[in-house]
Every structure is written in C-alpha cells, then in structure tokens.
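Undergrad: structure for the following, please:
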Amino acid sequence: MNDDDILQSELQELEELLRSPECTASKIEQFYQNGVNTVERMLIWKWLLGVSGSSITDWDIPVEHKDLDIITDDVLQISDMPGEQEKMIKILSYYCTARNTRYKAECGWAEVLLPLTSLSYGEMYACFYALLSKFVPRNCKADGKPFHLFRLLLLYHDPELCAFLDTKKCPPDMYAQRWFRSLYVGKCEVQVIREVWTRYLLQGDPFLVFYLALVILVNARDVILEMESCGGSEIASKITAFPDNLSVEDIEDFISLAVYYGERTPLSFRHDYHAQLFGNAPTESNFASLSQALCLPISVSELLQKTTDQGVSYLVVDCRPRDQFSSGHLHGAVHLDPDTMLSDPAMFTTNVATVLLEQRKTFLEDDVSLNHLCFMGCSREEEDQLLNMVVAHFLHRKTQFVSSARNGYKALHDLLDDAVNTGLEGHDYTECVVCCEEQSSRLADTELSVTQSNDNNSNIVSKMSSVMKVTTTSMRSKLGALWSDDLTGRHVTTSVKSKPYRGVENVFSIADDEDEDDIVGGASSSEESDKEIINIKLWESRADILHCFSVEEITTDESSCKRSIRCSTRRLPPGKMFASVLLLTETHLYNIRRIPEREGMGYIRYRFAFSAIARITAKKKHPDVITFKFIKDNKELLAYRFLIPQSKTVTAQITNLIPPE
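TA: Residues are numbered from 1 along each chain as shown. Model prediction:
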C-alpha cells in the first residue's frame, strides 16, 4: 500500500468516526495522537466547532463596506498571498455587513481568519463565525472586562507577579489584547497556531484563553521580575511577544499546564462569567465591581460543595465579629477577628500564622494542593472595611489562592434557606443578624399592611360620611322633632370607651385615683413560650427605632393586688413588676418584656399604633407611675401601667408622636 492509499484510508477512518453518533472529543484526540494532515485537521475543527457547512453558497458578491480600506490594510499586514487576501477581505466585509457592525483596525478578526484559508468560502465563514462567538471573549478592548477578570486570576495564582505589574502600571489589556482577540495567532508560525487551536478545541473550554495567558506569565515570571528598570509600556511589549517563540513541540506542555491551572481555579471563575463573556448576557451584570475587587470573588454555593476532582479545597476564614460568628458559621470555618488587627496586633499576627498553618495542613499531610482561602464577611460595606484590610494583609504576604465569598454571610444564609440550621454550625436564630433583620423586615411589612388597611378603611368611612351627610340633610326636616339640629355640639361621655377623645383636653393628664380593674393582668405561664423571642440589642439598633426606654411594667392579678410595691420611700399601687423596654417607631409603640433567665433577650408583649392611645395618666402621689389606655377594635379600652424613670421626658416623646385628629 503506497502513501496515497494510506492517507486515503486514514481519511476514510476519520470521516467514519466523525459521522458516528458515538464520536466524542476524547476519541478524536486518540486519532489525533497518530498525526493528521491539513485536510484531516480541518475536518476535526469543523466537527469540534459544530460546523457542517454554510447556507451561503454564492460568494461572487461585490466587496462593499464602509470600512473596506481598514479591512484591506489589516489583511495585507498578515498575509502576502493574493488568494488568501481576497478570501479574507471578502469574508470580513460580508461579516461586518451581515452583522451591521464597524470594523476596527487590529481587532484580531483577520488573524482569526488566517488559519482557516485552506477551507472553502462557506466553511471558512462558518468556522470564523463559530470561533468568534464561542471562543473569543467579548469586550476585548482597552480597560475591557476580560482583562480585569484576568488580573484577578493572576493575583489568585501569583500575587507577587501581579503586584509587580501593578506597580509598573502594566495592566493586562496592554499585553494580552492581541492574545485574546486572535486566540494567540500573533506572529506565530501557522503550524504552531494550528497545533494550538486543535488542542484548544479538543479541550472545548473557552476559558482556556485565560489559563494559557497565565501559563505564559508564570513561566516567564523570573524574566519579568528582572525588568525592574523598565517602564510599563516596555514590559507590556516584551510580554506580548512571548508566544511568538513557541514551537510545535512546546504546544502539548503548553496546553497541559493551562489545564492544570484551570483545575486549580475556583469553578465560579467559569460559571459566573461564561454567559457574559461568551454568551448573550449583558457584560455589566457580574463585572460591575471587578476593577475595584480586592481579590477574586467566588459564589458561596461553591463553598458548600466537597473538594472537587479538580483539587480545589477551601478553608473558609470568617472575619465577622465574634458574636456573629458564634451565632452561625459554615462547618469547618476558622474565625479571624479583624478588630484585633488594630486593637491587638500581636494577637492578630498569631491568628494569621494559625490560618496559614491550617492552609498548609492538607498540603503537608496528603501531598495535594494548598487549601484555598476564602474570606467571609458580613456583606455590609461599613463592617467589611476591616475585612478588606485583612485580605490586603494576606496578599501583601504573597499568599496564594486568596478569594472572598460574594455577598458574604447573608448570601450563604439565603442559599441555605430552610436548611440553615443544619447547614450552619451553632446557628441561633435569636442572635443571627440575618434572621433578626428578616424578622424586622417582616414586622415592617406587617406595619405597612396595617397602615394601608387603615387607609382603606378611612376611605370607606369618608365615602359613607358623604352619603350620610346627604341623607341627613334630607331627613332633618322630617325628623326635626326627634333629632336635635345641634349635632356638632355633643360630647362623648367618660363612660364610653369606644374611641379616643381628644377634643376637650390633652391626652396626658394627672389623676387622683385610678380604676385598678382597667390594668391588664400579668403574663400567663405559657405566654413566654407562645411569643416570638427576640434579641433586644439588635432591635434597639434597628433603623426605624426612634427611642428606647428601660421601664418596669406593673401588672395586677388576684395575688399581687393584695400587696404593694415599694419605690424609694413611697409605696406604689399593688401589683407585680417586670423589667421591660419601650421602643418607639414613627407609628407604633412596642412593649418588650425581658427574659430574666436569658440576658439580652425578650419577647414582644404587645404593639399599638400611637393613634390607638386614648389617654396617658400619671398619679399625683407617684408621678413616675404612668398608665397608657388604648383602644382595641374600636370597642375595648385597655390599660397598661409602668414605672418609668424620667417619666416627663418619656411621655413628652410619646405625646409628640401621637397623630392629631
């Protein structure tokens, strides 16, 4: 069998493999290891790119485009063969016309076309289109999003080299634009590019463009770090030219190293940015803060996964305050209090050494990659400022594999949802900041709903009043003998307790005596278990809380009414006293009763709108004993009594919040 017969047999074998429904990239790679010619390589490319041909059959079209001169200049710079030049100019012009886009000089499109010139017009166009849409990152321009992302990748794997280039003002867009735009065509020989692309497409990972760039920089790090006397532009120019020296024999190791770094990069790097770089999602969605990011942000969902086959194992460093860490944290997380960085530097240094030792533990014991550090914050900008200082400290120490959990503990808490108690270690919903904030939000929503309901009721009452006025006008003449014309002069008597009365006297008054039967009794033995327990300190820090007052609630029941309570040298009315807190919002008054057995905790005894306050009274003999009378359901008058230090100040604040009628 002569050489032509062998080549024909191999070609038929490849064609049969590519037509087979069981064909995979791994089977193609096995075939490729034996070597292929140009025709076979192009067949492999088309299969890997999903190209079966082109619907465009007539390429005898005139070459017309407003940027034709720019296209021609770019093509002539990289090709000196008239046949290639004609095909490239025609395809680029057609692409720009069909896509209604302008052609920019040195955009890399001509370089992408160059290795495809052995194909027919239709196949060449289809492969070119597939490469641009599937493997060339979007937004590859000066200060473009892909370059901000690559800088964070370099920082993750080699913080020292990244810091050096930052110092020299040599950002990735100065040296990597040509790499990313042209998929490393540059000035490499065509045989080298074809080898790179074949192995690139066999991997099928568009992010390999980032990992190849990382390999180039890391392998040349010693050369780059020696450029101390060079400026940023000179360094960028030298780095850009590094791939031009690659040979065909270098490519297998080149790709293997890129795959190695990809396996030791967080999965979030691919998952979170794929749609923006290689799909149709807006590039702003996940890239908004990348240029200001201190380190590589990763998704909290990745922290919940066990160590992957890629070798990424996370050590979560929780930098929230100690009390927040104690109320819930991820299993296996270590706590590093950022406050000690300023308050106790020696302790902070010791804690940092412990974290670094823990990071190396897996490496020393199991001979695998270092643990990857993921720093967890509160997701509150003001509280995470110290977290940023901690991360900067680790990067300054040239620590590898430093990342941060995107949106911090709150994102983790939200992701776990109903499984939060099992997913977090030591989770205490009464102390957990996120739980308390959610509880406050629900209460605020309830208040809004009640307010809207009252507004709706007011509208109904107003409409009814309008109807009644019309009816009253027509009826007065008929019922004058039975109905007094002076309707506006009537007063509600003190025995009527259906609604507050503020038309005659102030809400606050001083009484000689009071009906003890009005005072609501003490809590039953089961009340505490029925109420929702809250963290009083967290509630006091809520944004909607205007004032907080520590008071003693006085309640009466059958046993306590028979005795009196001493206050200084005076004897208070009979009753039982409970340590409580009054919280005032713009619209409501809360009574929080403290739980003696649980310091700092309490439960909501009741909540009333200020508009429901009928009267506030103080006894002459005991001016610090204040009684609040509330209207409930427009028919029942409830009274609650408190011993309030500085009662004048408290009652003045409450009176000011009662809306006028």
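
Undergrad: make sure I have this right: Ala614 is in a strand.
TA: Yes - assessed by DSSP: H, G, I helix; E, B strand; the rest coil, Ala614 belongs to a strand.

Undergrad: count the neighbours of it for me.
TA: For Ala614, the count of nearby residues is 19 (other C-beta atoms under 10 Å). Backbone N, C-alpha and C define where each C-beta goes, glycine included.

Undergrad: cool, and Phe628?
TA: Around Phe628 there are 22 other residues, counting by other C-beta under 10 Å.

Undergrad: phi and psi next, for it.
TA: For Phe628, the backbone dihedrals (degrees, to the nearest 10) come out as phi -110, psi 130.

Undergrad: ok, Glu552 next?
TA: Main-chain dihedrals, Glu552, degrees, to the nearest 10: phi -120, psi 120.

Undergrad: for it, grab the count of nearby residues.
TA: 20.

Undergrad: again, but for Gln33
TA: Gln33, neighbours per other C-beta under 10 Å, totals 9.

Undergrad: got the contact list for it?
TA: By C-beta atoms under 8 Å, 6 or more residues apart in numbering, no residues touch Gln33.

Undergrad: from Gln8, how far off is it?
TA: From Gln33 over to Gln8 the distance is 20 Å, taken as C-beta to C-beta, to the nearest Å.

Undergrad: so what's Gly50 closest to, chain neighbours aside?
TA: Distances taken as C-beta to C-beta, 6 or more residues apart in numbering place Ala130 nearest to Gly50, at 6.4 Å, with adjacent residues excluded.

Undergrad: mind telling me what element that neighbour is part of?
TA: For Ala130, the host element (DSSP states H and E) is helix 121-134.

Undergrad: what's whatever helix or strand comes next after that helix packed up against?
TA: Per DSSP H and E, the first helix or strand lying C-terminal to helix 121-134 is helix 145-157. For helix 145-157, the contact count by 3 or more C-beta pairs under 8 Å, 6 or more residues apart in numbering; DSSP states H and E identifies helix 159-167, helix 172-175, helix 177-182, helix 208-219, helix 274-278, helix 284-287, strand 296-298, strand 402-405 as packing neighbours.

Undergrad: do that again at 6 Å, thanks
TA: Using 3 or more C-beta pairs under 6 Å, 6 or more residues apart in numbering; DSSP states H and E, the elements in contact with helix 145-157 are helix 172-175.

Undergrad: what packs against the helix it packs on?
TA: Under the contact rule (3+ C-beta pairs under 6 Å, 6+ apart), helix 172-175 is packed against helix 145-157, helix 232-240.

Undergrad: using CSV, write out every CA atom in it.
TA: The C-alpha trace of helix 172-175 is given here as CSV (Å, rounded to 0.1, in the frame of the first residue of the first chain):
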residue,chain,number,x,y,z
PRO,A,172,-3.3,43.0,31.2
ASP,A,173,-5.0,45.0,28.4
MET,A,174,-1.6,46.4,27.5
TYR,A,175,-0.1,42.9,26.7
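
Undergrad: what average pLDDT does that helix get?
TA: In this model, helix 172-175 has an average pLDDT of 96.

Undergrad: least trustworthy helix or strand in this protein by mean pLDDT?
TA: Lowest mean confidence among the helices and strands of the chain (mean pLDDT, DSSP states H and E): strand 564-567, at a mean of 42.

Undergrad: am I right that Arg605 falls within a strand?
TA: Yes - judged by three-state DSSP, Arg605 forms part of a strand.

Undergrad: in the stretch 151-300 of the chain, what spans have low per-residue confidence?
TA: Residue ranges of the stretch 151-300 of the chain with pLDDT under 70: 281-288.

Undergrad: again, only this time at 90
TA: 186-191, 244-245, 271-272, 275-276, 279-293 (pLDDT under 90).

Undergrad: give me the distance between stretch 82-89 and the centre of its chain.
TA: Chain-centre distance of stretch 82-89: 49 Å, with C-alpha atoms, centre = their mean, to the nearest Å.

Undergrad: list the buried ones in it?
TA: Glu84, Gln85, Lys87, Met88, Ile89 (16 or more other C-beta atoms under 10 Å).

Undergrad: CA atoms of that stretch as CSV?
TA: What follows is stretch 82-89 as a C-alpha-only set of coordinates in CSV (Å, rounded to 0.1, in the frame of the first residue of the first chain):
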residue,chain,number,x,y,z
PRO,A,82,-3.2,37.2,-3.1
GLY,A,83,-5.6,34.2,-3.0
GLU,A,84,-5.8,34.3,0.8
GLN,A,85,-6.1,38.1,0.8
GLU,A,86,-9.1,38.0,-1.5
LYS,A,87,-10.9,35.4,0.6
MET,A,88,-10.2,37.2,3.9
ILE,A,89,-11.3,40.6,2.6
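
Undergrad: pull the helix holding Ala130 out as CSV, backbone CA atoms only.
TA: What follows is helix 121-134, C-alpha atoms only, in CSV (Å, rounded to 0.1, in the frame of the first residue of the first chain):
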residue,chain,number,x,y,z
TYR,A,121,-15.6,30.2,1.4
GLY,A,122,-18.7,28.8,3.1
GLU,A,123,-16.7,26.6,5.6
MET,A,124,-14.3,29.4,6.3
TYR,A,125,-17.1,31.8,7.1
ALA,A,126,-18.9,29.3,9.3
CYS,A,127,-15.8,28.3,11.3
PHE,A,128,-14.8,32.0,11.7
TYR,A,129,-18.3,32.8,13.0
ALA,A,130,-18.2,29.9,15.4
LEU,A,131,-14.8,30.8,16.8
LEU,A,132,-15.7,34.5,17.4
SER,A,133,-19.0,33.5,19.2
LYS,A,134,-17.7,30.6,21.2
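
Undergrad: before we move on, back to that, any idea how many residues pack against the residue nearest to Gly50?
TA: Neighbours of Ala130 (other C-beta under 10 Å): 17.

Undergrad: Cys188 too?
TA: With neighbours defined by other C-beta under 10 Å, the count for Cys188 comes to 22.

Undergrad: likewise for the one 4 residues further on?
TA: Neighbour count of Val192, defined by other C-beta under 10 Å: 22.

Undergrad: what helices or strands is the helix or strand Gly262 falls within leaning on?
TA: When elements are assigned from DSSP H and E, Gly262 belongs to helix 251-263. Here helix 251-263 touches helix 190-203, helix 208-219, going by 3+ C-beta pairs under 6 Å, 6+ apart.

Undergrad: quick check: which of the ones you listed is buried the most?
TA: Most buried of those, by mean neighbour count (mean count of other C-beta atoms under 10 Å): helix 208-219, with a mean of 22.

Undergrad: report the angle between it and helix 159-167.
TA: Counting by axes from the mean of the first three to the mean of the last three C-alpha atoms, to 10 degrees, helix 208-219 lies at 90 degrees to helix 159-167.
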